[in-house]
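**Student:** test case, fold it:
(one chain, ligands or ions: 1)
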Amino acid sequence: MRIAIDCDDAGIELKKTILSFLKSKGADAQDVNCLQTNPSAMYPEIGFNLAEKVKNGEFDRGILICGTGLGMAIAANKVEGIYAGVCHDVFSAERLRKSNNAQILTLGARVIGPELAKTIVQAWLDSEFLGGTSLPKIEQMKMLERKSFHPIK
Ligand code: RB5
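**Tutor:** The predicted model follows:
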């Protein structure tokens with residue numbers, strides 16, 4: 001599983017922590033580092049950029065970090081076919097994969113500390129979509145997304 005990670009100015013330290021954590025677990029993680037290319041990049045550009053890389057198949061999953069995780073989730077969800085959610089507890093991180101089949105986890109560096117963030121990332125890594133009763137909900141989400149992105153004129 002190829003994992004992309006990126007952050008805005010508020011998430012730099014937590015991104016370093018999570019990247020080393022992923023590497024210590026043997027994960028195939030890569031720092032997209034949008035701020036290196038554009039030092040004035042803000043969370044919408046950073047989140048959208050990583051989400052596009054997941055959409056085009058360069059990565060399987062992504063982790064985005066900003067101050068609250070909220071802006072990154074909103075930005076990533078603007079890419080068609082990409083589903084992102086902010087999680088600051090382990091149960092939500094599991095459900096984000098098991099129920100919502102979201103490819104992108106977002107974290108708020110101003111909300112949680114590094115140890116909880118690592119535990120959340122581990123739970124998210126260990127979880128996969130379960131299908132079952134969640135499947136028609138995901139299908140409905142995709143149908144609504146198509147309606148919004150491709151309105152019939
Ligand atoms: C700081 O730019 C802050 O607005 C950002 O990191 C994030 O919390 C937005 O959701």
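**Student:** quick check: nearest residue in space to the most centrally placed residue in the chain, chain neighbours excluded?
**Tutor:** The C-alpha lying nearest the average C-alpha coordinate of the chain belongs to Ile104 (C-alpha atoms, centre = their mean; 2.3 Å). Leaving aside its sequence neighbours, Ile104 sits nearest to Ala84 (C-beta to C-beta, 6 or more residues apart in numbering; 3.6 Å). C-beta coordinates here come from the backbone N, C-alpha and C atoms, glycine included.
**Student:** the one you found and Asn101 touch, don't they?
**Tutor:** No: applying C-beta atoms under 8 Å as the test, Ala84 and Asn101 come out as separate, 11.4 Å apart.
**Student:** more neighbours: those two, which one.
**Tutor:** Ala84 (27 against 17; other C-beta atoms under 10 Å).
**Student:** residue contacts, that one?
**Tutor:** 47, 51, 62, 64, 72-73, 76-77, 102-106 (C-beta atoms under 8 Å, 6 or more residues apart in numbering).
**Student:** what does Gly47 give?
**Tutor:** Asp6, Leu64, Cys66, Gly71, Met72, Ala73, Ile74, Ala75, Ala76, Ala84, Thr106 are the contacts of Gly47 under C-beta under 8 Å, 6+ apart.
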